[in-house]
Each structure stands twice: as structure tokens, then as C-alpha cells.
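Visitor: Predicted model and sequence follow; I will ask about them next.
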Amino acid sequence: MDWKNYQKIILPNIPDYHKIDVYEKNGGYEGLRKAMTQEEWDPKAVVNEVKAANIRGRGGAGFNAGLKWSFMPPKQEGLPRYLACNGDESEPGTCKDRRLFEYNPHLFIEGAIIACYAMEMDAAYVYIRGEYIDWIEMLQAAVDEAYAKGYVGDNIMGSGKNIHMHIHRGAGAYICGEETSLMESLEGNRPYPRSKPPFPAQKGLWGYPTTINNVETLSHAALVMRNGASWYSSMGAQTHPGPCIYGISGHVNRPGVYEYPTGMLISDLIYKVAGGIRNGKKLKAVVPGGSSVPILTAEMIEGITMDADSLRTVGTFMGTGGMCVLDEDTDIVNFLLRTSKFYDHESCGQCTPCREGTGWFVKVLEKIARGDGETKDLDLLLDLCDRMEGRTVCALADAAAWPVRNTINRFRGDFEAKIKKATLIATS
Ligand SMILES: Cc1cc2nc3c(=O)[nH]c(=O)nc-3n(C[C@H](O)[C@H](O)[C@H](O)COP(=O)(O)O)c2cc1C
Ligand code: SF4
């Protein structure tokens, strides 16, 4: 792939791109104009175009956005319908959405209004991580500009369509990024995730049909409406196409947020884009898509590209595209302990396997990390994973269990070395 000559699309190198007049001069809001003013682009045609583009959701699960949009039931006159835009961005290792709010907020606004038009919705609620104080202000300034220019609000571009946009600040809980928890939080309730079914398209915000998309996913919809589905789907990996914002953190020389197409070799991202491992060290492990996705050993990344199909061959996922790189000196037991502490802290406590399991992960890993571990502790951790995965109301329990299961299975030697050391000290 000729990634070196790639011209950024989501975060373009154009000064003041966050300002509406600069955005408009560069083709901004043309996708929305098409949808709102050209007869052939009725709501169904827009949904079909987005579906054909195969935008894979950028919130973590990689679900086809247009297909999700097609699950909305037929519009019933007089009943409202909503879009929930997920900008909670709390998965460790992920910091892409805030770049979007800072450098290209109008792409997101345009995509969200296109989505509302396509699904015949009345309003978009943007749920943003509360700590993003500056970015909330930046997005609000852009929303105000879009209202002033008639791209949001009543009678958009003279179409007779009224679509409003509201920004809601979160209060620092990772669980609020889970789609049903996000809706509870927006409604002003304690954010306990809801059991599904009913799915949000049937019974969502305030009981009305709702679709939830990540804010980056919605931005891709604006690109599809501007340039067409075939333009979009011809970029990057065939079955997971489009541009991608990669966050690269950890032991690399140039950590940062980078935009390239999907399908980049993990090794190119580490060694060419992010400047290689710090201090000339060797690579030990990579967590490719946010803290919950299964970890890869250095050997496993050979020839693997950042797209769902390639990552599946090594038992992991694209997730949010937030990659964490670990060098040879990393204490992998401590790394897993740190990750597990996060999930223990963030479990909402509603389901017993998650509430208890995440706490036990921390207790047992602390025991191994401080040198009191026994081999049976590894069996206990894996047994806990069995009792958590797929047995809870939401996927936080899975997100907590996958790192434990995969780190033990893929770095068992590191755990056993600590346990052996503990046993030697105890018996000497
Ligand atoms: C515990 C948990 C936290 C989540 N946090 C986020 C988040 O911060 N942002 C996000 O877009 N999706 C998050 N998700 C995924 C959402 O539930 C949902 O799948 C996503 O917003 C759908 O958008 P997409 O289809 O455009 O990817 C989270 C899921 C879980 C289980
Ligand atoms: S899995 Fe965990 S976070 Fe999700 S609802 Fe159950 S207790 Fe809450």
C-alpha cells in the first residue's frame, strides 16, 4: 500500500479546517446538501449508500453502519426518533474522537445530520466524555456555526426538515460509553446498562426508536455522501475499508494520533509511522485496538494488518484502533494488573460475575505481582474468565476477561517465572 503518499481526509493538513467557512470551501456540507436537496437521495437511498460503503463502526465492534441504520422501524408520524452520537471515548489507549472535535468537527456534525435525515430522526444527542472540557467547547462552537448557517435546526437548507443537535457532558464513567448505559445517563438515570432485547432501534432514548453510533463512524457517513460508496470502499482493506485514525501509545519513539487507511501493517505503524521502539529495545507485545482486545506477542504481528479479517487470524480485534506498544522490559504481570484495576474500578456492579470477577482479577494478580503467587492462581484466573464471558448484561465483563485470558495464554512464561521466583524464595 502506498501509505507514504496518503493525503489525510479526516484530519486534513488544512489550516483552520475547524472553521465552517474553510470547511465549506473544501467541499464541506456538500454531502448534506445532496441528501437534503436532490430528489434521488431520499432517506432510503442514503441508508443504502452508507450500507454499500461498508463503514465498519469505529466505536469498537466494527458493525456495518448502514446495516445498523436499516434496523430502524418505519417512521410513525407524531413519534420522535433519536440519534445518539457516542463521544464518550474512555477505552484506555483511545484518543481519536477528541482529534475529530478539534480538527474537523463539521465533518462529524454533517455526518450526524445526514444520519438523522436517513433515519428520519428529530434530534442528535452527542454524549461526550466529561473530562474533554476544551473539546466540548470546540464542538459547541462548531454546532453554533452550523446552526447559524442553517445546516442544523429548523428547515435545513429549505428542505422543510427540522433536526436539532444537543451536546451532553458525561461525568467520568467508562460504562457510559456502552450504548444502553449512555441512554440511561442521557435520560438522567443511574447508568446501569439495559438488557437487550429490546434493542435501541425498537426502544431507545425515552422509549423511542434510537440508533447509536460512534462520532467517527458518523463522520465517515459524511465522506460517503460527498464522494460515493465506491470511492470509500476502494480505500484500505477490502472488507474493512476507509480511512482510519490510529492512536499509537506506549514504548515508541513518536507516540501520537495518525491517519492512514485501514489495512496498514502493524509493523509499519510501529517502526515507520511511530519511529520504532524507544532506546533501540525489542518489541515484546502489542495491544492493537484499546485495552480490552486480546494482546499479541511480537512474533504474532508478523504480516498482520489493521483490519478485522487479518486481526481475526491471530485471535484479536481492531477495536478502536488505539494501539499500545510494549517493549522487552515490560513487566507483563504488572501491565495486566494495571488493566484489570481499570475494569474493576469501572464495573457498574449490576451483575455478580462482573462485580465480583473484576475484583478477584485484581486480588489474584496483586498476589502474583508481589511475589506470593502459586500455579493454581493462573487456573483460578482462567476459571473466572469462563464464568464472566458472555454471562452479563453488557460487554464490560468480556472486556475485562479477554486481556486476562489472552495475556496468561500468550505470556504464561512471564507469570510462571514470577511464581517460580516466589516459590524459590519461600522454600530457601
Ligand atoms: C463498557 C463499554 C464501553 C464502551 N465505550 C465506548 C465509547 O467510549 N465510545 C464508543 O463509541 N463506543 C463505546 N462502546 C461501544 C458502544 O456500546 C457501541 O457499540 C458503539 O458506540 C456503536 O457505535 P459504532 O457502531 O459506530 O461503532 C463501549 C462498549 C462497552 C461494552
Ligand atoms: S457486565 Fe459489568 S458493567 Fe456491564 S452491566 Fe454487568 S456489572 Fe455492569
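Guide: All right, it came through fine. Residues are numbered from 1 along each chain as shown. Ligands and ions are numbered 1, 2, ... in the order given.

Visitor: and the helix or strand residue 84 falls within with ligand 1, contact?
Guide: Using DSSP states H and E, residue 84 sits in strand 82-87. Yes - residues of strand 82-87 are located near ligand 1 by CB under 6 Å from any ligand atom, namely residue 86. In this view, the C-beta of every residue, glycine as well, is placed from N, C-alpha and C.

Visitor: Name the residues that touch the helix or strand that that strand is followed by?
Guide: Downstream of strand 82-87, the first helix or strand assigned by DSSP H and E is helix 97-103. Contact partners of helix 97-103, identified using CB atoms under 8 Å, 6 or more residues apart in numbering, comprise 10-11, 17-18, 87, 89, 107-108, 128-129, 132, 135-136, 138-139, 214-216, 219, 245, 257.

Visitor: One more pass at 7 Å, please.
Guide: Identification of contacts with helix 97-103 by CB atoms under 7 Å, 6 or more residues apart in numbering yields 10-11, 17-18, 87, 89, 108, 132, 135, 138-139, 215-216, 219, 245, 257.

Visitor: Show the contacting residues for the spatially most central residue of the chain.
Guide: Taking CA atoms, centre = their mean, the centroid of the chain lies closest to residue 59, which sits 2.7 Å from it. Neighbour list for residue 59: 86, 214, 217 [criterion: CB under 7 Å, 6+ apart].

Visitor: show me where the stretch 1-150 of the chain has helices.
Guide: Ranges of helices in the stretch 1-150 of the chain, per DSSP state H, counting those that start in this stretch, are 20-25, 30-37, 43-53, 65-70, 97-103, 105-118, 133-148.

Visitor: Serialize the ones you listed to TSV and add fields for distance to ligand 2, mean pLDDT and mean neighbour count.
Guide: Output for the helices of the stretch 1-150 of the chain, formatted as TSV (distance: least, CB to the nearest ligand atom, whole Å; pLDDT from 0 to 100; neighbours: other CB atoms under 10 Å):
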stretch	distance to ligand 2	mean pLDDT	mean neighbour count
helix 20-25	38	98	16
helix 30-37	36	97	20
helix 43-53	29	98	20
helix 65-70	21	98	21
helix 97-103	21	96	22
helix 105-118	26	98	28
helix 133-148	25	97	17
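
Visitor: just so I know, which of these lies nearest residue 271?
Guide: Closest approach to residue 271 among the helices of the stretch 1-150 of the chain is made by helix 97-103 (22.6 Å; CB to CB).

Visitor: low pLDDT regions in the stretch 101-250 of the chain?
Guide: Across the stretch 101-250 of the chain, nothing is flagged by pLDDT under 70.

Visitor: Residue 116 against residue 85, yeah?
Guide: No - Residue 116 is beyond contact range of residue 85, at 9.9 Å (criterion: CB atoms under 7 Å).

Visitor: shared neighbours, these two?
Guide: The contact sets of residue 116 and residue 85 overlap at residue 124 (CB under 7 Å, 6+ apart).

Visitor: The residue in the stretch 151-300 of the chain that ligand 2 sits nearest to in helix, strand or coil?
Guide: Proximity to ligand 2, evaluated over the stretch 151-300 of the chain using CB to the nearest ligand atom, is greatest for residue 193 at 4.2 Å. Look at residue 193: counting by DSSP: H, G, I helix; E, B strand; the rest coil, its state is coil.

Visitor: Correct me if wrong: it contacts residue 176.
Guide: No - using CB under 7 Å, residue 193 makes no contact with residue 176, being 9.7 Å away.

Visitor: who does whichever helix in the chain runs longest touch, helix- and strand-wise?
Guide: Determined from DSSP state H, the single longest helix within the chain is helix 352-369. Using 3 or more CB pairs under 7 Å, 6 or more residues apart in numbering; DSSP states H and E, the elements in contact with helix 352-369 are helix 332-346, helix 375-388, helix 396-410, helix 412-427.

Visitor: How far away from the center of its chain is the first one?
Guide: Looking back up the chat, that one is helix 332-346. Averaging C-alpha coordinates over helix 332-346 and over its chain gives two centres that are 19 Å apart (CA atoms, centre = their mean, to the nearest Å).
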